[in-house]
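In: Got a sequence here, can you model it:
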Amino acid sequence: MEKVDKQLISIFKEKDDSPALLQTMRDISTLASVLRELGSQAVFDSPVEILRFLRILQLLNEEALGLDDRIENAEQLYYRYQNRYKDPDPPSKKKVAQIVNVLVNNNWLSKQQTQIKMRDLGKRMMDVLLRLANDSLAYHFEDDIGRSLFQARRDAELSEAYDDHGISGGNKIASLIRNVENAIAILKERELEMLADRNALPQLQKIHYLMEELQEKLEERIQMFKTIDESLILTNLMQRGTATLSEGTNLSLGMINKYMKFTNMQTTPISTTIKPELIRRFILSMFDPPLDSDIPNVHQMFSFMEQNQYEDEALDGLWIPIKFASPIPGEAIDEAIDYLENYEPIVDPIVDDDDEIEYVTEEATRDEMEELFGDTNWLLTKSLIQTEEIEEYIEQVQQASMEEVVIEATSDKWADAVNALTAVAALVGNKKIHIHPPEYTDIKQKFNKNWDWMDPKDGEHIISKQKGKQGDPHGKE
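Out: Numbering: from 1, shown residues only. Next up, the predicted model:
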């Protein structure tokens, strides 16, 4: 097999403005468009409906490959579906026509006068969907361990089909290694369960065969990528993959060896002579046997007994590993008793700090204290009531009527008027503004508003800044 000696073709290495890349993205968009339009027509509402759609694609694919007669129109496709598949509830003529129209609109098919012809785009997209469905079917035929190994084998096959021909298969080596790691983790979790199963040997042999096959394929992949520029980057990945597959092969081989040894032990004649040294060696080797060893640990032995090959061998209960503490010598016990009997806690004397406490006295006048408390109360009031708009307007005009301040500072709405009056009351209470009757009663400015004063004279009162008592005709607060 020719080694790969050039950079792999990948969409992630192409420039964004590459014409080939842009056309590729358009092809992907047609796939998304077909799925979206057919999804709105309830084609993907159930697994059975999806299967019917894939069957229609298969009929179109066979016709395009010359494996079947040509299809003239959607009606002929409908009858061919009925003749090929024994479907108790086949899609209607209308549904088949809708599917054909969607495929035509997205350039998968072309309608001609005498036949429906598949375009290259449609063939490639249909092949993708059919391969995906068949891969998924083969995946679900396997058990949980077999699925990870199946995915690993598919990764190796896809790497051969794509990477070997200069097209990126999408990090298939890393995916292969990850799937094997997942299979090893599941195999370790189910090790005791499989040893307790009388019929587990064929499955163990299959797992071991797949592990060996994957190890060979990974070695082939390593040889293929030796001349690639990225070989230095892949070095750590290759080392990890080699270690992972070696572990998986040894683990599956060890499980087969243990299983076979358990089985052979049942047919081995029992000797009347007990050799203590051999028993001692066996017990010692059970604590940490190698992965590929045929020597079981205690948990594995108990799990195999769950097969109940002999009467009452599978005992009801739960096996839990425990550790017994080492015996305590008498001298240690005597020391502990003496310590408890003669224990005297060592208490450090309490040292009093002789540092003198210094008190600092600060004095303030009554007016300063009132100002300090007034500022504190004002900050608390501002945190509860929004007075900024009223303050800003008074700062601009210096003085104005109550109605003018309420409307110009906020709005003519009733809710804003209520909030504005609350703010005015807060400002008056904290001596920030002053209110007094108007000096000229004949001058009245009218404002449009959605509310009225209970007493019209209330709106005529003049609001002025407290500082300097501007506009105060009485000259006092």
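
In: Could you pull out the strands in the chain for me?
Out: In the chain, the segments counted as strands under DSSP state E are 109-111, 116-118, 399-401, 433-436, 462-465.

In: list the buried ones in the third one?
Out: For strand 399-401, burial by neighbour count (16 or more other C-beta atoms under 10 Å) applies to 399-401. In this view, the C-beta of every residue, glycine as well, is placed from N, C-alpha and C.

In: circling back: return the most buried member of the strands of the chain.
Out: Among the strands of the chain, ranked by average contacts under mean count of other C-beta atoms under 10 Å, first place goes to strand 462-465 (a mean of 20).

In: Could you dump the strands of the chain into TSV and include distance to Asn199 and mean pLDDT?
Out: Formatted as TSV, the strands of the chain follow (distance: least, C-beta to C-beta, whole Å; pLDDT from 0 to 100):
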stretch	distance to Asn199	mean pLDDT
strand 109-111	50	86
strand 116-118	47	85
strand 399-401	98	82
strand 433-436	95	82
strand 462-465	97	82
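
In: Make a markdown table from those strands and add distance to Asn101 to it.
Out: Listed next are the strands of the chain as a markdown table, based on distance: least, C-beta to C-beta, whole Å:
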| stretch | distance to Asn101 |
| --- | --- |
| strand 109-111 | 9 |
| strand 116-118 | 11 |
| strand 399-401 | 73 |
| strand 433-436 | 76 |
| strand 462-465 | 75 |
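
In: closest to Trp451 out of those?
Out: strand 399-401 (15.6 Å; C-beta to C-beta).

In: what packs against the closest one?
Out: Contacts defined by 3 or more C-beta pairs under 8 Å, 6 or more residues apart in numbering; DSSP states H and E place strand 399-401 against strand 462-465.

In: now the strand it packs on: how far from the chain's centre is it?
Out: Computed by C-alpha atoms, centre = their mean, to the nearest Å, the chain-centroid distance of strand 462-465 equals 63 Å.

In: for that strand, packing partners?
Out: Secondary elements touching strand 462-465 (3+ C-beta pairs under 8 Å, 6+ apart): helix 388-397, strand 399-401, helix 402-409, strand 433-436.

In: Just name the closest of the buried residues of strand 399-401 to Asp144, please.
Out: Relative to Asp144, the closest of the buried residues of strand 399-401 is Ala400; by C-beta to C-beta it sits at 82.0 Å.

In: quick one: contacts for that closest one?
Out: The contact partners of Ala400, taken as C-beta atoms under 8 Å, 6 or more residues apart in numbering, are 393-394, 408, 462-463.

In: any idea how far it lies from Asp87?
Out: Ala400 is 85 Å from Asp87, where distance means C-beta to C-beta, to the nearest Å.

In: can you check Ala32 too?
Out: From Ala32 over to Asp87 (counting by C-beta to C-beta), the distance is 28 Å.

In: Next: Phe304.
Out: 49 Å.

In: between these two, which one's more packed in?
Out: Neighbour totals were compared for Phe304 and Asp87, and Phe304 leads with 24 against 13 (other C-beta atoms under 10 Å).

In: so the more buried one touches Met194, yeah?
Out: No - the criterion here is C-beta atoms under 8 Å, and Phe304 misses it with Met194 at 10.0 Å.

In: Just give me the neighbour total for Asp120.
Out: Asp120: 11 neighbours (other C-beta under 10 Å).

In: again, but for Ala74
Out: So Ala74, with other C-beta under 10 Å, has 20 neighbours.

In: Kind regards, and thank you for your time.
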